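J.: What shape does this take:
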Amino acid sequence: MTPEPSTPAPIARKDLIEGLSKGLRVIEAFDDTHVQLTPSELARRADLTRTAARRFLLTLVHDGYADTDGKHFWLTPRVLRLGHSYLQAARLPRLVQPFIQRVSLQSGETVNVSVLDGHEVVYLARSNPPRFVTIGYHVGVRVPAHVVTPGVAMLSTHDDAFLAQWIAEHSFSAYTQHTVVDPQRFLDNVQQARSLGYWLTDQQLDLGLRGIAMPLKDRKGECKGAIGMTVQSQAYAPEALVERLLPLLQEAAQALRLIL
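T.: A predicted model of the protein is given here:
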């Protein structure tokens, strides 16, 4: 079983810049259901006073990260620079790209590498086959971990104590009639994935799509992410995914294990 990551040493409060933490909370307060916010709305979502929320918003406008009509505020595309900086500097996306390109060429399918960030799966790398129509999630997309195959695959590398806490804190929203929303059933799936070393999902997030993924581990056995594919359900039966695509993912994962 993969060892749990060590807990970092606590950082003294005197060494923290509280304003930076608040500024990041302001940016994270915007999402697909809160595209535009007033200072009062932001204050409630980011646990700030209205005066502080307004000043943070005006600062973002001044620096080009937000815009306003005088009442509502919204983020601008400049915010994407923050995520792009990570993708440019991070080691994992650069390391995996040649490997997932090879798998994509071998399989004719889109291949993704993702990581677990709290209760979401974040896609960090993607390789498309040489065709016009591709399936899967683009780099930077965040998805609830319980509805995509990499989420189950990565959670399977954690111990039962971690899983119990994670499941207790997770919101199991349904996206299709096939979405697993029962916590016990989800735990059973994760434990089964632990035994198999990979996982399959069927129409959990989108109807007509099926996925396969497995953990990416380093030489110490620690999970660094997941490699997987999303395909049309009509193109692959579950047995075909295991017989035709899983060996390609396993080969790539084994090669990456030596350099992660």
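J.: residues contacting I100?
T.: V111, N112, V113, A125, R126, S127, I227, A252 (CB atoms under 8 Å, 6 or more residues apart in numbering). The way it works is simple: take the backbone N, C-alpha and C, and place the C-beta from them, glycine included.
J.: From those, which land in helices?
T.: A252 (DSSP state H).
J.: farthest-separated two in the contacts of I100?
T.: Within the contacts of I100, two members stand farthest from each other by CB to CB: R126 and A252, at 13.8 Å.
J.: Tell me where the model's unsure across this protein.
T.: Across the chain, the stretches falling below the confidence threshold (pLDDT under 70) are 1-9, 84-89, 131-134, 136.
J.: need the helices for it, in chain order.
T.: 18-28, 39-46, 50-62, 80-89, 91-107, 149-155, 160-169, 183-196, 238-240, 246-257.
J.: who's in contact with the shortest one?
T.: With contact meaning CB under 8 Å, 6+ apart, helix 238-240 is reached by L200, D202, R210.
J.: Enumerate the positions of that helix that are buried.
T.: Buried residues in helix 238-240, defined by neighbour count with 16 or more other CB atoms under 10 Å: none.
J.: Buried only: go through the contacts of helix 238-240 for me.
T.: If you count burial by 16+ other CB under 10 Å, the buried members of the contacts of helix 238-240 come out as L200, R210.
J.: can you count the residues close to S233?
T.: Burial measure for S233: 15 neighbouring residues, criterion other CB atoms under 10 Å.
J.: who are the neighbours in contact with the closest residue to it other than its chain neighbours?
T.: In this structure, S233 finds its nearest non-sequential neighbour in R210, 4.5 Å apart by CB to CB, 6 or more residues apart in numbering. If a contact means CB under 8 Å, 6+ apart, then R210 has L200, T201, D202, Q203, T230, V231, Q232, S233, Y236, P238, L241 as its contacts.
J.: In terms of distance to H62, which of those residues ranks first?
T.: Here the nearest of those to H62, counting by CB to CB, is T230; it sits at 40.7 Å.
J.: Surely the closest one and Y137 touch.
T.: Yes - when contacts are counted by CB atoms under 8 Å, T230 is listed as touching Y137 (7.2 Å).
J.: what do these two both touch?
T.: Residues touching both T230 and Y137 (CB under 8 Å, 6+ apart) are N112.
J.: how about D63, phi and psi?
T.: When quoted as degrees, to the nearest 10, the phi and psi of D63 stand at phi -90, psi 0.
J.: next one: D69
T.: Backbone phi and psi, for D69 under degrees, to the nearest 10, turn out to be phi -110, psi 10.
J.: Tell me, how many residues neighbour it?
T.: Taking other CB under 10 Å as the criterion, the count of residues near D69 is 8.
J.: Can you give me every residue that contacts it?
T.: For D69, the contact set (CB under 8 Å, 6+ apart) is empty.
J.: now S104
T.: Contact analysis of S104 by CB under 8 Å, 6+ apart lists T110, V111, S127, N128, P129.
J.: from memory the last one sits against R102, does it?
T.: Meaning P129. No - with contact defined as CB under 8 Å, P129 and R102 do not form a contacting pair (11.5 Å).
J.: leaving aside the residues next to it on the chain, what's closest to V111?
T.: Distance criterion CB to CB, 6+ apart; nearest residue to V111, sequence neighbours excluded, is I100 at 4.2 Å.
J.: Return the distance of that neighbour relative to Q165.
T.: Taking CB to CB, to the nearest Å as the measure, I100 and Q165 are separated by 31 Å.
J.: And for V121?
T.: Summarising the geometry, the distance separating V121 from Q165, computed by CB to CB, is 18 Å.
J.: Between those two, which has more neighbouring residues?
T.: Each of V121 and Q165 had its neighbours counted (other CB under 10 Å), and the higher figure belongs to V121 (31 against 11).
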